[in-house]
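Participant: Model the structure of this input:
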Amino acid sequence: METVSDIKVIDAPYNKQITFQKVEYENGFQFIRLRIKEGKRFTMMDLDAGTASACIETIQNWLDDLK
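Facilitator: Purely as a prediction, here's the structure:
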């Protein structure tokens, strides 16, 4: 059994929507879920803390390069 709570919804380019969700399981394990909506299609990806951290670092490096 899992409990899912919305954290934030972002409207992205090309008519896409990204929903960030907190996912908690009965055993205490937690993920952050990225739910990407493209028209009627949905893509969901669950990230653990280590993977989420690596994604944040990669995005931050890309943003720093833009400056």
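
Participant: can you map out the strands along the chain?
Facilitator: Along the chain, the segments classed as strands by DSSP state E run 2-12, 16-25, 30-38, 41-47.

Participant: Can you say which of the ones you listed is packed in most?
Facilitator: For these, average neighbour numbers computed from mean count of other CB atoms under 10 Å are highest in strand 30-38, which has a mean of 16. No exception for glycine: its C-beta is placed from N, CA and C like everyone else's.

Participant: mind listing what that one pairs with, with the direction of each?
Facilitator: strand 16-25 (antiparallel), strand 41-47 (antiparallel) (DSSP bridges).

Participant: Strand 2-12 and that strand, what's the angle between them?
Facilitator: Orientation of strand 30-38 against strand 2-12 (axes from the mean of the first three to the mean of the last three CA atoms, to 10 degrees) gives an angle of 40 degrees.

Participant: Extract the CA atoms of strand 30-38 and return them as PDB.
Facilitator: Extracted in PDB, the C-alpha atoms of strand 30-38 (Å, rounded to 0.1, in the frame of the first residue of the first chain):
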ATOM      1  CA  GLN A  30       9.900   7.000   0.300                       C
ATOM      2  CA  PHE A  31      10.200   8.100  -3.300                       C
ATOM      3  CA  ILE A  32       9.600  11.300  -5.200                       C
ATOM      4  CA  ARG A  33       7.500  10.600  -8.300                       C
ATOM      5  CA  LEU A  34       7.600  12.600 -11.500                       C
ATOM      6  CA  ARG A  35       4.400  12.300 -13.400                       C
ATOM      7  CA  ILE A  36       4.700  13.800 -16.900                       C
ATOM      8  CA  LYS A  37       1.500  14.400 -18.800                       C
ATOM      9  CA  GLU A  38       1.600  14.800 -22.600                       C
END
